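Asks: coordinates for the following, if possible.
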Amino acid sequence: MAEEKDKKSHSLKNEDKQQDEEQQDDVSLTKEQSEQIVETGSLTHSKGKHVIHCLTIVGQVEGHYILPSQNKTTKYEHVIPQLVAIEQDPEVEGLIIILNTVGGDVEAGLAIAELIAGMKKPTVSLVLGGGHSIGVPLAVSAKHSFIAPSATMTVHPVRMNGLVLGVPQTLSYFDRMQERIIRFVCDNSQISPDRFKQLMMNSGELVMDIGTVLDGDKAVEEGLIDSLGGLADAVAELYRQIEELGPKKEDGPAKEPKKKGAKGK
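Replies: Sure, this is the predicted structure:
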């Protein structure tokens, strides 16, 4: 009897030790996730129904020039390797992009948007607060875009700053850059090029600039954003895309994700 009690006691101690080790593993994982958020502003969440990566694009998109330290920025040299890693990582099943940006470097923002649009994995974007200027292409680059009812988006032409040479070639360069943005936005949303240009060139709304400010309802009505919704809606849509895609390669053939097509109004 004494031997049986000793065995039971030893077994209980082993179980307690195992539980303590599991709890320690959970704590260390939380620390790793915290460090990931602090360093990159992103997080891979693996405890839900599917493994998804959350990428935040906040503040100002920083390009070739370093912005002042007091500015909240998203550095494109940090985001681009993350997107490549997400696309290549077999564990990550989908990407959700949370946007609250005032815009920033045009070419850097467009580069990030092109990478997102070229991903095969399921992608969903959610505009919270604002998705202004180059934030518009970033918002529409995902396979399905959402905007919160209280969020706004500012559509305006490409602005000039710094040293500008007053020659026809300069105007031609900015005009071509603007056409690139218009083409990308219209290819990845439901708005027509003519209507998007009208919104960009509107001179009766902004006091110090030309362009248009769209709230959540108006952005969806214009066909710029796919749906009005919040975080739960965005996650549900991402799960739907993942499940529609089918099993992973080791389980069987996967379906090609549907591409968004432009529909003129």
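
Asks: quick one, phi psi at the closest residue to residue 210 other than its chain neighbours?
Replies: Using CB to CB, 6 or more residues apart in numbering and skipping the chain neighbours, the partner closest in space to residue 210 is residue 203 (4.8 Å). Yep, even glycine has a C-beta here, placed from its N, CA and C like the rest. Backbone dihedrals for residue 203, given as degrees, to the nearest 10, come out at phi -110, psi 0.

Asks: okay, now residue 203: neighbour count?
Replies: 8 (other CB atoms under 10 Å).

Asks: how close does it get to residue 103?
Replies: Residue 203 sits 20 Å away from residue 103, going by CB to CB, to the nearest Å.

Asks: the strand or helix carrying residue 154 packs against which elements?
Replies: Using DSSP states H and E, residue 154 sits in strand 152-155. Contacts defined by 3 or more CB pairs under 8 Å, 6 or more residues apart in numbering; DSSP states H and E place strand 152-155 against strand 123-131, helix 135-140, helix 193-200, strand 212-215.

Asks: distance to residue 51 and mean pLDDT added to these, as JSON lines?
Replies: Output for these, formatted as JSON lines (distance: least, CB to CB, whole Å; pLDDT from 0 to 100):
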{"stretch": "strand 123-131", "distance to residue 51": "14", "mean pLDDT": "96"}
{"stretch": "helix 135-140", "distance to residue 51": "23", "mean pLDDT": "96"}
{"stretch": "helix 193-200", "distance to residue 51": "35", "mean pLDDT": "95"}
{"stretch": "strand 212-215", "distance to residue 51": "33", "mean pLDDT": "96"}
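
Asks: just those: most buried one?
Replies: helix 135-140 (a mean of 28; mean count of other CB atoms under 10 Å).

Asks: which neighbouring elements make contact with the helix or strand following that helix?
Replies: Counting by DSSP H and E, the element after helix 135-140 in chain order, helix or strand, is strand 144-147. Applying 3+ CB pairs under 8 Å, 6+ apart, we find strand 144-147 packed against strand 123-131, helix 216-221, strand 227-228, helix 231-245.

Asks: let me have those in a markdown table, extended by distance to residue 208.
Replies: Converted to a markdown table, the helices and strands packed on strand 144-147 look like this (distance: least, CB to CB, whole Å):
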| stretch | distance to residue 208 |
| --- | --- |
| strand 123-131 | 17 |
| helix 216-221 | 21 |
| strand 227-228 | 29 |
| helix 231-245 | 33 |
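
Asks: most packed of these?
Replies: For the helices and strands packed on strand 144-147, the highest mean count by mean count of other CB under 10 Å goes to strand 123-131, at a mean of 24.

Asks: contacts for that one?
Replies: 94-102, 116, 135, 138-148, 150-154, 216, 219, 225, 229-231, 234-235, 237-238, 241 (CB atoms under 8 Å, 6 or more residues apart in numbering).

Asks: please tell me how far residue 132 sits from residue 54.
Replies: 21 Å.

Asks: and those two? which has more neighbours close in?
Replies: A direct count of neighbours by other CB under 10 Å for residue 132 and residue 54 places residue 132 higher, at 22 against 17.

Asks: dihedrals phi and psi, the more buried one?
Replies: phi -90, psi 160.

Asks: again with residue 142
Replies: Per degrees, to the nearest 10, the backbone of residue 142 is at phi -70, psi 160.
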